[in-house]
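1. generate a structure from the sequence data that follows.
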Amino acid sequence: MLFDFRLRPLDEITPWGEPPDLSLSWFGLTDGLYRLEVGDEHLFSYTDEISASWAAKHPGFSGAYVDYQVVRLWEDVCSILPDVLSPIPPAFAAFFSGKNPTILAQLVTAEKWWRGLDDSEREETNEDTYRAAITWAASRRLDSLYLKGGPRIWMSTFVDTFTITWDNSDIKIDETEVWSARRGSYSMPRSKFLEEVRSFNSRLLAQMHERVQQVCADWRRPEIRIDFEQLRREQIERAETLPRALATAPTSIDWESVQAAIQRVANI
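-> A predicted model of the protein is given here:
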């Protein structure tokens, strides 16, 4: 499966706050582990080197998965889904595909061009060029800023093919590479990707339904405050997240302007 996750047992979840004011919410109760399976590699999986380093400081640490609230990944996928499912023109597909995708190089080029302008040159037309050169890709990047040294992951669709792209080869902490999947891409039919998204959605909501029922019926950590009514309401509300994302129109993009902007910033 593309989205591989597991929820942490209830009695192992760390609450928010300081004693005696401890609490947990629906978000907090999704605490767990997750990663993405992309062929023979895994995204959100740490290198052996960084795992060993952190395990020495935090006994029991295992770097095969990211340790965080699983709903964060689900929310971030849903937030970019309208643009991810909107096909990009053929001229842009090559940025995301192959063993050595060039999307990061294109964005670095745009940033270098922008930084090279003096204040007088950063007038409206140049700012429009810069934004056109980067925002089309930004709307397809999976957020990871909540993680230390978060990975760079993009999702895109070309005709009927979905592609997930990553470029993490230069992401290091204390001179140690962070992510096991360094650089590459992985594709599947668009219809298969939608199946994977729906599976992720249904598995997470089903497990959280059981969890909410258990917590509301027999919460055995009374020192941790939980609003049971809010928990039940949010479980119902969260079921609307994916349908709402699938019904949302993608960002309107003038692809001719994007192509012109990319060509302009390339001529630094």
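
2. give me the neighbour count for Ile88.
-> Around Ile88 there are 22 other residues, counting by other CB atoms under 10 Å. To be clear about C-beta, it is placed using only N, CA and C from the backbone, and glycine gets the same treatment.

3. could you measure it against Ala206, distance?
-> Using CB to CB, to the nearest Å, we find Ile88 at a distance of 33 Å from Ala206.

4. and Leu33, what element?
-> strand 31-38 (DSSP states H and E).

5. residues in contact with Ser139?
-> Neighbouring residues of Ser139 by CB atoms under 8 Å, 6 or more residues apart in numbering: Ile80, Asp83, Thr251.

6. go again with 6 Å.
-> Neighbour list for Ser139: Asp83, Thr251 [criterion: CB atoms under 6 Å, 6 or more residues apart in numbering].

7. if we can go back for a sec, which elements pack onto the helix or strand following the strand holding Leu33?
-> Next helix or strand after strand 31-38 toward the C-terminus (DSSP H and E): strand 41-43. Applying 3 or more CB pairs under 6 Å, 6 or more residues apart in numbering; DSSP states H and E, one finds that strand 41-43 contacts no other helix or strand.

8. distance from the chain centre to strand 41-43, please.
-> Chain-centre distance of strand 41-43: 13 Å, with CA atoms, centre = their mean, to the nearest Å.

9. can I get whichever helix or strand comes after it as CSV, trimmed to CA atoms?
-> Scanning forward in sequence from strand 41-43 by DSSP H and E, the next helix or strand is helix 48-57. Output of helix 48-57 as CSV, limited to C-alpha atoms (Å, rounded to 0.1, in the frame of the first residue of the first chain):
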residue,chain,number,x,y,z
ASP,A,48,20.4,3.9,9.3
GLU,A,49,23.0,6.5,10.2
ILE,A,50,20.7,9.1,11.5
SER,A,51,18.6,6.4,13.2
ALA,A,52,21.6,5.1,15.1
SER,A,53,22.6,8.6,16.1
TRP,A,54,19.1,9.4,17.5
ALA,A,55,18.7,6.0,19.1
ALA,A,56,21.9,6.7,21.1
LYS,A,57,20.2,9.8,22.5
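
10. which parts of the helix or strand that comes right after helix 48-57 are buried?
-> Once the chain leaves helix 48-57, the next helix or strand it forms, by DSSP H and E, is strand 66-69. Neighbour counts over strand 66-69 (16 or more other CB atoms under 10 Å) mark Val66, Tyr68, Gln69 as buried.

11. do stretch 165-183 as well
-> Buried residues in stretch 165-183, counting neighbours by 16+ other CB under 10 Å, are found at Thr165, Trp166, Asp167, Asn168, Ile171, Glu177, Val178, Trp179, Ser180, Ala181, Arg182, Arg183.

12. name the nearest residue to the fourth one, ignoring sequence neighbours.
-> Just to be clear, that refers to Asn168. Leaving out its chain neighbours, the residue that sits closest to Asn168 by CB to CB, 6 or more residues apart in numbering is Trp179, at 4.1 Å.

13. does the one you found touch Pro151 like I think?
-> Yes. If you go by CB atoms under 6 Å, Trp179 and Pro151 touch, sitting 5.0 Å apart.

14. joint contacts of those two?
-> Counting by CB under 6 Å, 6+ apart, the common neighbours of Trp179 and Pro151 are Asn168.

15. past the host helix or strand of Ala132, which element shows up next along the chain?
-> Element membership for Ala132, per DSSP H and E: helix 124-138. Following helix 124-138 in sequence order, the next helix or strand is strand 153-158 (DSSP H and E).

16. partners of the helix or strand following that next one in the sheet?
-> Per DSSP H and E, the first helix or strand lying C-terminal to strand 153-158 is strand 161-167. Strand pairing for strand 161-167, determined by DSSP bridges: strand 153-158 (antiparallel), strand 183-189 (antiparallel).

17. list of residues touching the last one?
-> This points to strand 183-189. By CB under 6 Å, 6+ apart, strand 183-189 touches Val38, Gly39, Ser97, Lys99, Pro101, Thr161, Phe162, Thr163, Ile164, Thr165, Asp167, Ser169.

18. against Arg8, how distant is Phe228?
-> Phe228 sits 20 Å away from Arg8, going by CB to CB.
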